[in-house]
Every structure is written in structure tokens, then in C-alpha cells.
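S.K.: Following is a predicted model, sequence given first.
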Amino acid sequence: MKNEILKEIKSLLPPELSEIKSLVNELLETKPKIRKTNLEYLEREKEITCPIDKSHRIKKNGHKNETQRYWCHDCKKSFSITENSIAKSSFLTYQQFKKFLQCMYDFKSLVETSLEVGISETSCFELQIRIFSIINQAFENKKLKGETQVDEKYIRTSFKGMCKEKMPRTSRHDGHTELTSGISKDQVCVIFAIDSYDTIIIKVAGNGAATTEMISFALKDKIEKGSTIITDSKSSYRQFAKDNSLNLIQIPAGQHKFKNYTINDVNELMQEAEIYLDKKKGISSRHLQHHMNFIKYRKILKYTIKYLEINEEMYKNCILATTSLKSNDVYSTEMPFDIEEYKKWYSNRNS
Ligand SMILES: [Zn+2]
């Protein structure tokens, strides 16, 4: 249809073109500022199938609240075009939505995002988690291969958002003294891996120093047999490499390279995560994996899409996808480690 319109426009005379021009200007001014534009986008671009049985045997079935409804011939039920879509519960206009995504891309905090988009911090938080759940589904599970750099990063546990009675330890704001430095159960271990084809894994693996079990949890069956992993000198990697038929190159402690091998690429990725966490200020450990998935998604966008097209691509990815995650589910994500074990460790740590 677009091509036909363009062809028609080309045949217009100058006064008519001028008329079209002012109409286009007016629409460009108004359309991004309404919510309906998101719905129009869906109607135009989304492949509509029944949300229950994925059937294509559907027909249009009127409108409700400006939203197109459909009828499925197979399960004899009607559904809306926004079923399980982020556009359903979101009251954002097209412009706000795109601003929101740009804020995410720019590592803005919830406070900053809330101010820029003009919605509450709670709404920002919930929308962000729903977007994370969409991003999460989007990843194809490609195996890493060739030379794969692996390293781990430790991030302070955070029980942010948990009610006081359930908190396994006193809040740091309550004048609680900082725990001793070094790796303890009070740190969450995140394993990063990147291969020579820029395929990435970022996995929250538990708390405390990386054990072979934690490395296996993050990477088992995710790297092709016979590949080479390049790591620091930690002994846990030796057993992991052996168990998974991988060649192992370890960079000796205090050195940056061994022969021609380095772990610079994975370190660069970890630095990006660090900047992100720093800007986000206090992400609850329960949502850490979501945020790490976002770092991965952003990195893939950066590798594959031109900068000026990234915002539109994010919009497309989010608006056209579906997620069964409801706003209430947002608060029930599990901690990535055993809370009971943590409590025991916490109360015993000075005795
Ligand atoms: Zn159906």
C-alpha cells in the first residue's frame, strides 16, 4: 500500500503537494502523542494469531475501547489485538514509549526515566520488568564456540524492595557496618562469556566465590565441545573444562595475557555491566538476571543495528512481542541464591 501511495504522490501537482505537506506535518506533530498510534502499529505490523492455540483461522470482530478484536474459529473465543502485548496495560503514547526505551538504552535510572517520560517510578519499574521478560524470550540459544573468554564479576547482594520483616539482614542504611572485603556470601557471582563470534552469555550463578558447580550452572552445554575457554587462574575452571571436554587456557595471576590469549573482550563487557549498575543505583539481586539480559540485548543491538535505527528496532521488538508476565508477577521473582542458607551464614559470620 505504501508504494501505491508514493506513486500517487509523485503524480501530484505542486499546489496539491503543498497541501499534502502540511497534512503530513500536522500528523507528524499529533500522531506520536497519542496512544492509538501504538495500536495502529500493531494492526499494521503484527502477525495476528490466536493467543490460546496460535491459530491463524481468525477474523476481525469489531472494536472495543478503540482496540481491534478478533474471533478464533478454532477455539471459538474472541480476543484483542493487544492480548499479552505490552501495549495492553501500558498507557504510554508512541512518543513516550520510544522515550522510555531510549532511557533504558542510555542506562537512565528509574527516577530520571520517570521525569523524562512523565509517568510514575512504579510504572517505570513495572514496564521495565515486562520489557525484560520480552527481551529474555527473544534470545536464540546459540552455542558459543571457537575461543571463548570467561570471567566472573561479584556484585553486592541487595534486598531492595523486600519488606523489613523478610530481610535476611539489616539494611545498609541502618548504620550497619560494611562487611569485610574479599569474596563472601554477601556477593552475587555473575559469569560472563563471549566467543570470537560475539555470542554472549551473562548468567547470575549464585552467591560467593565461583565454584565448579556455579560455572557449570551458567555454562554447561552452552559451549561446543572441543572449543577453547580462556579464563583467569581460578582452579574451578579446570574441573569445568575437563567435565565438558573443553580446552583450557588460563592467564596466570597478575598477568594480562598468556601467549596470544587475553580476556580483554569479556572484561570490556563486564565494565559495561559495571557502568550500568553504577548508574542504576541499587538493583535488587532478584532482578539482576533481567538487567544482565538487557546488557546482552543492548550489546547485540550495538553490533547489528546502526545507532540511529536502534530506538525504532527496540520499539518494534517490544511492541510486536507478547509476554504472559502480569504486573503483579513483577514482584515475585525469586532471589538467585538460597535465602535460608544466606541467613545462616549472615548470623554466623562473626562467631
Ligand atoms: Zn484459538
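M.R.: That came in fine, so what should we check first?
S.K.: Run through the chain and note the low-pLDDT ranges.
M.R.: Across the chain, the ranges flagged by pLDDT under 70 are 89, 140, 170-181, 327-328, 350-351.
S.K.: Run through the residues of it sitting next to the ion.
M.R.: Contact residues, the chain versus the ion (C-beta under 5 Å from the ion): 50, 52, 53, 55, 72, 74, 75. Placement of C-beta: from N, CA and C, glycine included.
S.K.: Just the buried residues out of those, in ChimeraX syntax.
M.R.: Here is the ChimeraX selection string for the buried members of these, based on 16 or more other C-beta atoms under 10 Å:
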select :50,72
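S.K.: can you list the residues of the chain next to the ion in JSON lines and add secondary structure?
M.R.: Converted to JSON lines, those look like this (DSSP: H, G, I helix; E, B strand; the rest coil):
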{"residue": "50", "secondary structure": "coil"}
{"residue": "52", "secondary structure": "coil"}
{"residue": "53", "secondary structure": "coil"}
{"residue": "55", "secondary structure": "coil"}
{"residue": "72", "secondary structure": "strand"}
{"residue": "74", "secondary structure": "coil"}
{"residue": "75", "secondary structure": "coil"}
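S.K.: of the residues of the chain next to the ion, closest to residue 105?
M.R.: Distance to residue 105 across the residues of the chain next to the ion (C-beta to C-beta) is lowest for residue 50, with 33.0 Å.
S.K.: State the distance from the residue lying closest to that closest one once chain neighbours are set aside to residue 59.
M.R.: Spatially, and ignoring its direct neighbours in sequence, residue 50 is nearest to residue 72 (3.9 Å; C-beta to C-beta, 6 or more residues apart in numbering). Remark: distance between residue 72 and residue 59 (C-beta to C-beta, to the nearest Å) = 9 Å.
S.K.: Pull the residues that contact stretch 312-322.
M.R.: Stretch 312-322 is contacted by residues 38, 41-42, 45-46, 51, 83-87, 97-98, 101, 104-105, 131, 134-135, 137-138, 301, 305 when judged by C-beta atoms under 8 Å, 6 or more residues apart in numbering.
S.K.: Just these: which are in helices?
M.R.: 38, 41-42, 45, 86-87, 97-98, 101, 104-105, 131, 134-135, 137-138, 301 (DSSP state H).
S.K.: so the residue most central in space within the chain is in which element?
M.R.: Nearest to the geometric centre of the chain sits residue 294, at 2.8 Å (C-alpha atoms, centre = their mean). In the assignment (DSSP states H and E), residue 294 maps to helix 288-304.
S.K.: tell me which residues of that helix are tucked away?
M.R.: 288-301.
S.K.: quick one on the thing from earlier: what subset of the contacts of stretch 312-322 is buried?
M.R.: So, of those, 38, 41-42, 46, 51, 83, 85-87, 97-98, 101, 104-105, 131, 134-135, 301 end up buried under the neighbour-count rule (16+ other C-beta under 10 Å).
S.K.: Let me see the contact set for the closest residue to residue 87 other than its chain neighbours.
M.R.: Excluding its sequence neighbours, the residue lying closest to residue 87 (C-beta to C-beta, 6+ apart) is residue 38, at 4.6 Å. Residues counted as contacts of residue 38 (C-beta under 8 Å, 6+ apart) are 87, 90, 92, 93, 94, 97, 319.
S.K.: how about a cut-off of 10 Å?
M.R.: 82, 85-88, 90-94, 96-97, 315, 319 (C-beta atoms under 10 Å, 6 or more residues apart in numbering).
S.K.: and what of residue 277?
M.R.: 107, 153, 155, 156, 158, 190, 283, 288, 291, 292, 295.
S.K.: So it versus the ion, what's the distance?
M.R.: 43 Å (C-beta to the ion, to the nearest Å).
S.K.: Now do the helix or strand that residue falls within against helix 288-304, angle only.
M.R.: In this assignment (DSSP H and E), residue 277 forms part of helix 264-280. Angle of helix 264-280 versus helix 288-304, following axes from the mean of the first three to the mean of the last three C-alpha atoms, to 10 degrees, is 120 degrees.
S.K.: Adjust the sequence numbering to begin at 34 for everything that follows.
M.R.: Okay, residue one is now 34; in that scheme the one you just asked about reads as helix 297-313.
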